[in-house]
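Asker: One predicted model, sequence on top.
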Amino acid sequence: MSTRKLLLLIVCTSFILFSATPVLSQDTKGKDTSQALAGQAFYGRMVVPNSNADLSGDDYEINFLGAAGQSPLGGETLKYGLEAGGVFSLDSSVRQLAASSGSGGGTVAVSVDINSLMIDFFGGGFVSFEPSERIRLSTGVGPLLIYASRETEPEVTVPEQVTAQSNSGFGAGLYARVGFDLFFTKKFGLHIGARRTATTLSFEDSTGEVSIEGWQYYAGLAFRF
């Protein structure tokens, strides 16, 4: 990983970890666990469909880091409230693209470097079910804002239809997510979850059309504040 990408990773991860600050900034001193703010920090993968039959490999599996916070507004065992969070991904892969070898006919396999960056911030409402101090189930839904970039670059000199390309853009969309927290202490536990996104953002280049949306699966730590 280049120095530029490493610095970008550090900066964007910092933004994600503090993206829920407005939700988590409330004074929680003296609150019991039934009124505590909940937070999650997680690592996961996003599945993005591969639409090009000439490109080797199955659907793209993009690694990401994320964090979220949930602030209850009411309820006891069944609670409701507001949530906010963010997801950051910096991923790269090499795939083989079948391209025409020229006027003589036939095809040639071209190795293509694919580098992608994705940052999205989301916020909405949530409902949680907490039958005990140790177990917490939650679901959330709302809008999101997303920025993404995608670079494709052939590793060697290739036919004209496979060229180095770079695309980036902003989009908006919706998300829905579910999560399960298992607390080992009053404040710390294990979190697993899944999120589905639908956005207006897509890119098209020599490797095909890619829509920046889909299923995300993740696991990490759960907190109470």
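Answerer: Received, thanks. These figures come from a predicted structure and were not determined experimentally. Residues are numbered from 1 along each chain as shown.

Asker: check which helix or strand covers Asn167.
Answerer: Secondary structure from DSSP states H and E places Asn167 in strand 165-183.

Asker: Counting by contacts, list what that strand packs against.
Answerer: With contacts defined as 3 or more C-beta pairs under 8 Å, 6 or more residues apart in numbering; DSSP states H and E, strand 165-183 has these neighbours: strand 38-48, strand 107-129, strand 135-154, strand 188-199, strand 202-205, strand 214-224. In this view, the C-beta of every residue, glycine as well, is placed from N, C-alpha and C.

Asker: Look up the closest residue to Ser138, ignoring the ones flanking it.
Answerer: Among residues not flanking Ser138 along the chain, Ser128 sits closest, at 3.9 Å (C-beta to C-beta, 6 or more residues apart in numbering).

Asker: so that neighbour touches Arg177, yeah?
Answerer: No: assessed by C-beta atoms under 8 Å, Ser128 is found out of contact with Arg177, at 12.0 Å.

Asker: Now for these two: what residues contact both?
Answerer: Taking C-beta atoms under 8 Å, 6 or more residues apart in numbering as the contact rule, Ser128 and Arg177 both touch Thr139.

Asker: For Glu76, find the nearest of the helices and strands packed on strand 165-183.
Answerer: Checking the helices and strands packed on strand 165-183 against Glu76 by C-beta to C-beta gives strand 107-129 as the closest, at 10.7 Å.

Asker: Against Tyr175, how distant is Gly74?
Answerer: 23 Å (C-beta to C-beta, to the nearest Å).

Asker: the more surrounded of the two?
Answerer: Tyr175 (23 against 9; other C-beta atoms under 10 Å).

Asker: That one pairs with what?
Answerer: Gly142, Thr197 (DSSP bridges).

Asker: give me every residue that touches it.
Answerer: Counted by C-beta under 8 Å, 6+ apart, Tyr175 has contacts 122, 124, 140-144, 195-198.

Asker: re the thing from before, need the winner for burial among the helices and strands packed on strand 165-183.
Answerer: Mean neighbour count (mean count of other C-beta atoms under 10 Å) peaks for strand 38-48 among the helices and strands packed on strand 165-183, with a mean of 20.

Asker: Also compute the angle for it relative to strand 135-154, please.
Answerer: Angle of strand 38-48 versus strand 135-154, following axes from the mean of the first three to the mean of the last three C-alpha atoms, to 10 degrees, is 40 degrees.

Asker: partners of strand 38-48 in the sheet?
Answerer: strand 60-75 (antiparallel), strand 214-224 (antiparallel).

Asker: In CSV: the helices and strands packed on strand 165-183, plus mean pLDDT.
Answerer: Shown next, in CSV, are those (pLDDT from 0 to 100):
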stretch, mean pLDDT
strand 38-48, 90
strand 107-129, 79
strand 135-154, 88
strand 188-199, 95
strand 202-205, 69
strand 214-224, 93
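
Asker: Of all those strands, which one comes closest to Ile62?
Answerer: Across the helices and strands packed on strand 165-183, closest to Ile62 is strand 38-48 (C-beta to C-beta), at 4.5 Å.

Asker: Compute the inter-axis angle for that closest one and strand 165-183.
Answerer: 140 degrees.

Asker: so the residue nearest to Ser138 bridges to which residues?
Answerer: Lys79, Ser138.
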